[in-house]
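Chemist: Just need the structure, nothing else, for what follows:
(chains A and B)
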Amino acid sequence: MRYLPLNHDDRRAMLNEIGVNSIDDLFIDVPKEAQLSGAIEGLNDHISEMAVERHFHGLANKNMVAGQGPFFLGAGAYRHHVPASVDHIIQRGEFLTAYTPYQPEIAQGTLQMLFEFQTQVARLFGTDVANASMYDGSTACWEAISMAGRITKRKNVILSGGLHPHYVSVASTMARFTKDILDIGMPDENGDADMARLLSSVNKETSAVVVQYPDIVGNVQDLRALSASCAENGALLIVVVTEPVALGAVTSPGEMGADIVVGEGQSIGVGLQFGGPYVGLFGCKSKYVRQMPGRLCGETVDAEGKRGFVLTLSTREQHIRRDKATSNICTNSGLCALAFSIHMTLLGEKGLRHLAMLNHQKAVSLADKLHALDGVEVLTKQFFNEFAVKLNKPSRAVLHELAEQGILGGVSMERLYPGKDALENIMLVAVTETSTDEDMTRFVSVLKELVA
Amino acid sequence: MSMNNVGRPTAPNIGTNDTGPMTSTGNRALMLEEVLIFEKGGVDRSGVDLESVPEFTSRLGGLERTEEIGLFGLSEAETVRHYTRLSRQNYGIDLGFFPLGSCTMKHNPRLNEKMARLPGFADIHPLQPQSTVQGALELIDQLAGWLMKLTNMPAVAMSPKAGAHGELCGILAIRAALEARGDAREVVLVPESAHGTNPATAAFAGYKVENIPANASGRVDVDALKARLGPDVAAVMITNPNTCGLFEPDMKVISDAVHTAGAFVYCDGANFNAIVGRVRPGDLGVDAMHINLHKTFSTPHGGGGPGSGPVVLSAALAPFAPFPMVRKVGGEYHLVEEENADAEAANSFGRMVAFHGQMGMFTRALSYIMSHGADGLRQVAEDAVLNANYILRSMEDVLDAPFAASGPCMHEAIFSDKGFADGMTTLDVAKGLIDEGYHPMTMYFPLVVHGAMLVEPTETESKRDIDQFIAAFRYVVQRAKDGDASLSTAPHHAPRRRLDETAAARNPQLVWAKE
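Modeler: Take a look at the predicted model:
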C-alpha cells in the first residue's frame, strides 16, 4: 500500500490521541447490518506497480492504435498531432494537481490561463466572450439550447439535419424531461435542402436554431441568411463546431451573426482518448453573459492594485444558486482547457491558418482520388477536412474489411443513423495533417479492390 | 506610484510584511510576473513547424476567412517558459497539504498518468470498429465490475462526465422509471446537509425542489422527512457521508420510508472515500449513487477537472440506464447504443454525452483501484476517517466544532467561527493559512454552520504533515480570536494580495482587450 503514509505506530498513537480503542469505534454511526467485516467477494487484494503495468499493457495491446496505420475517422473526434510540450506542461504538478481556483491568490496560474483560454476561444469563434470550459461539445450544445430558452422564454428549438446525431441524441434526452420541443432534420450531402427547411421553419415561436459548421457530412455553409432570419424572428442562432481547426480556414460563426457558438475542443491539444475527457467550448454575445453556463474567469486587481484574475459571476452557478442555477457544470475540463490553450499558443494565428490549409489540401487531394474510383462517389461539394462518400455496397462491411487490413477507414453513417437504410452505403472520411501520402495511397488502393 | 512590469501603476506596499526594498521590475527572486500571451506574442509568431502546403484549389465554397483572427503565438521556448512561470503561481497537492473539505484532494499517483497515456488507450477513436477496441471495452467492464461490487449494486452507467452530471443521470433514471409506471411525481426533497449541486440537478431534470432541515446533530431530520413524504415526491437526494462530515445513521430507515412512499433514494456519493470497502451503499437501500472517480479513486483535478461520475443503479432503475453500455456477448465486448438497443436496453432514458464517457479517468481509476486492491481500499477509508478525527480532536479546544458531541466525524471535520474577535472571519483564517504555506480548507460550506470551515485531510497525509498543519491552523485561529488586525489583510506572501471579486463581477472583463 505504497500510497498510504501511516504505519501501525502512527495509527495507534492517533487512536490514543482521539481517545478510542480501535478504528471500529470511529465507524459506530454505521448500522451494524451495513458494516462489512471481511473481504468483498470477487475483489482482489492490492498488487505491485509492475503488476498493474502488466495488466494495462495486456489490455492496451488488444486495441488497434490510431497511429499504427492509415487512419481516416472523424465524426466529432479528430486525430491531430499534439506538440510534445503540451503534455509535458500539463503534467507539471502545479497545474495537474491544483483544485478549482477558489483561492485566487494562490491560483493565478490556472486563472490567467483560463482568461487567456477565454480570449482565444472568443477570437476563434468570433464571439464577444467565452467561458472557462464545459464537459464536451455535446453537453455544451445542450447548455446553449437551455440558455436560449432562458433568454427567449420560448420552447421550440429547430435542429439542423447536419448536427451530429449524438448531439441530437443528448438534446433529445434532455428535452424529454424539460418539455422543450425539438424539430429535428436529417442530413443531406450539400446542405441546401436542410438550409431551406431551417429558413422556412423559423418563426416567432422559435427559441433557437442549431446548426453545425462544418456539418456532420463535412459541408460548410454560409449562415448569414439564417442569422438574419433568426434575428428577425427573435430567435437565437446557435452554431456548433466539432472541428475547431476548420476555423483557421473559414469565416467564423460570430462574423456570420451567431448568437451562441459552442464547440468540441478535442482537436486542439487534447487527443482522441476513446471519447473523453474532451473540452467543451462556449462563446456568445456579451449581452447574454449573465445567462451563460459554466465558469467564467474575470480580470480584477488585488489590494495593492496589481492585476489579477478570479472566478466571477458565480452567483449563476449551482453551488450558490442551487435550483436557480444556469447550468449543470460543477467540475469542468480545466486541464483539457489548458492543453487547448498551450497548443493554440504554440500554433498562433500563423500556425493555425497553416494547419487548417494543410488539413484542407490533404482532404481535397484524397477526395479527388476517391472520386476517381469506380463504385465510389464523393457527395460533399464544399468541405474542410471531412466529406461523405457513397460506396456501391454497405459501408460498414467495407470498413470492417479495411480494418482487417490495418486501415481505419472512416465512420459508417449506419452506425450514426441506425435504421436509416438510405444511409447504409455512406461513410464519412476525415483527413488531417497526420495522414501521409502513403496512407492515402494505401487506403485508395485497398478500397478500390473492395468496391470492385 | 510605482509601475509593475505590466506597465500598470501599482500602489505602494501598504501594510505588507515586506522586509526589503521594492524591486524595479516588480519581480522577486525565483518568482517572475508573467504578462498575457496577448501582451508579448504576435499573430505572425509560431512554435510549430508544419510541412508546406502544395498548390491546390480550395473547396471552401467562398467562405475563406478574410479577417484576422487575433490569435497570438509564441515560439516553443517562450511557450514553455510562459506556462512554467504561470504554474509557479499555483498551489497543487504535489506542493503540500490541501485540506478542502468535500473536494477530496489526495495524492495522484503518476502510475495512473502513465497508464492513461498508453497509446492503446489514449490514441483510439470512439467510433473505431468495436473489434479494434476490445481491450478498451474490457477495461470499462472491469472498472464497472469493481464499482458494482464495492457498492453492492447490480448496474452502473459509466458515461456521466462529472459528479454533478452523474447526479443528473441518477435523477433522470428515477424520472424515467416513474414515467414508465405512469407516475407523474413533481417534487424532489433535498436535505440541508446535502451537496449544493443537488437542488440544481433536480431543477435541471424538471423537478420542484424542497428542503428538508437538518437536526441539531447535523443529520437529516428524519421526522421532518417522513412527514413530507407523499404521492407527489419522486426522490430524496441524500449525501452520505453528508457535508457536515457525518454518517447518516438512519439511512436504512430513511430508505425504507422513501420506498414505502413509492419514491426513490438518490445518494450523492462524493464522499464515498470515507466508507469504501467498509460499507456498501446498496446495503443501505440506495437506488442511485454517483461515484466521483476523481475523488475516491484519484484523478488529478487539473485546476478544475476533468472528472468522471459513473452512477450505480438498483435493480429498479437499471433498465433505464443511459446509452451507451458495455456488454459481453459470446466472448466479445460491445457497446449497446441507440442503433442496437436490445430488449434489455429498450427503456434506456437516452444519451447524456456524445461518446462513451471519460476513458482517461477510467484508466486512472482502475490503476488506482488495482494498486490498492480490496484490502487497501478498506484501509483508505479507515485512514481518511482516522486523520479527520485526529484533526477534530486536536482542534476542538481552540475552535468551535459544532457536531463534535454528535460522535466521530467521517473523512472531514467541521468547525465554525464562534469565538472569533469582532470583525474577524473565516475568510481571514483562510487567507492566514495561505501565508503559512497551506491551501485553505473549504469555507462557508455547508450552509448549516455559521462561518463554516470544512477540513478534509484524506488518507494520503502523514501524521507528521498533519501535526504541522494543526500547529499552523491553531496559530492562525488564535490570531482570529485575538483580533490580530494584520490577519484581515492576509495573505501577505502569496503571488497576489486579496483580489477584488466585487469589482470583477460588477464590470466583467472576460477577454483581453487592448487598452
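Chemist: what about the strands in the stretch 351-452 of chain A?
Modeler: Taking DSSP state E, counting those that start in this stretch, the strands of the stretch 351-452 of chain A run over residues A:376-378, A:386-391, A:411-412, A:426-430.
Chemist: Also chain A?
Modeler: A:129-130, A:156-159, A:181-184, A:206-212, A:236-241, A:260-264, A:280-284, A:297-301, A:307-311, A:376-378, A:386-391, A:411-412, A:426-430 (DSSP state E).
Chemist: I'd like these written out as TSV, with distance to chain B and mean neighbour count added.
Modeler: C-beta here means a position set from N, CA and C on the backbone, and glycine is covered the same way. Shown next, in TSV, are the strands of chain A (distance: least, C-beta to the nearest C-beta, whole Å; neighbours: other C-beta atoms under 10 Å in any protein chain shown):
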stretch	distance to chain B	mean neighbour count
strand A:129-130	5	25
strand A:156-159	14	24
strand A:181-184	12	15
strand A:206-212	12	26
strand A:236-241	11	28
strand A:260-264	8	31
strand A:280-284	9	31
strand A:297-301	4	23
strand A:307-311	4	25
strand A:376-378	10	19
strand A:386-391	9	26
strand A:411-412	5	28
strand A:426-430	9	27
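Chemist: Now residue A:102: closest residue in space, sequence neighbours ignored.
Modeler: residue A:311 (7.2 Å; C-beta to C-beta, 6 or more residues apart in numbering or on different chains).
Chemist: ugh, wrong one, I meant residue A:440
Modeler: residue A:366 (5.0 Å).
Chemist: Could you do residue A:20 as well?
Modeler: Spatial nearest neighbour of residue A:20, excluding adjacent residues (C-beta to C-beta, 6+ apart): residue A:26 at 6.4 Å.
Chemist: Now stretch B:125-138 - C-alpha only, CSV.
Modeler: Extracted as CSV, the C-alpha positions of stretch B:125-138 are listed here (Å, rounded to 0.1, in the frame of the first residue of the first chain):
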residue,chain,number,x,y,z
HIS,B,125,-11.1,6.8,-31.7
PRO,B,126,-14.5,6.5,-30.1
LEU,B,127,-16.1,5.3,-33.3
GLN,B,128,-13.5,2.7,-34.4
PRO,B,129,-14.9,-0.7,-35.3
GLN,B,130,-15.5,-2.4,-31.9
SER,B,131,-13.4,-5.4,-32.9
THR,B,132,-10.4,-3.0,-32.8
VAL,B,133,-11.1,-1.7,-29.3
GLN,B,134,-11.8,-4.9,-27.3
GLY,B,135,-9.1,-4.0,-24.7
ALA,B,136,-10.7,-0.6,-24.0
LEU,B,137,-14.2,-2.1,-23.7
GLU,B,138,-12.8,-4.8,-21.4
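Chemist: Could you list the residues in contact with it?
Modeler: Outside stretch B:125-138, the residues that touch it by C-beta atoms under 8 Å, 6 or more residues apart in numbering or on different chains are A:58-64, A:66, A:71, A:73, A:75, A:77, A:79, A:272, A:274-275, A:399-400, A:403, A:408, A:411, A:415, B:120-121, B:124, B:326, B:332-335, B:354-356, B:359.
Chemist: Check chain B for its longest strand and report it.
Modeler: strand B:233-239.
Chemist: Sweet, I'm off.
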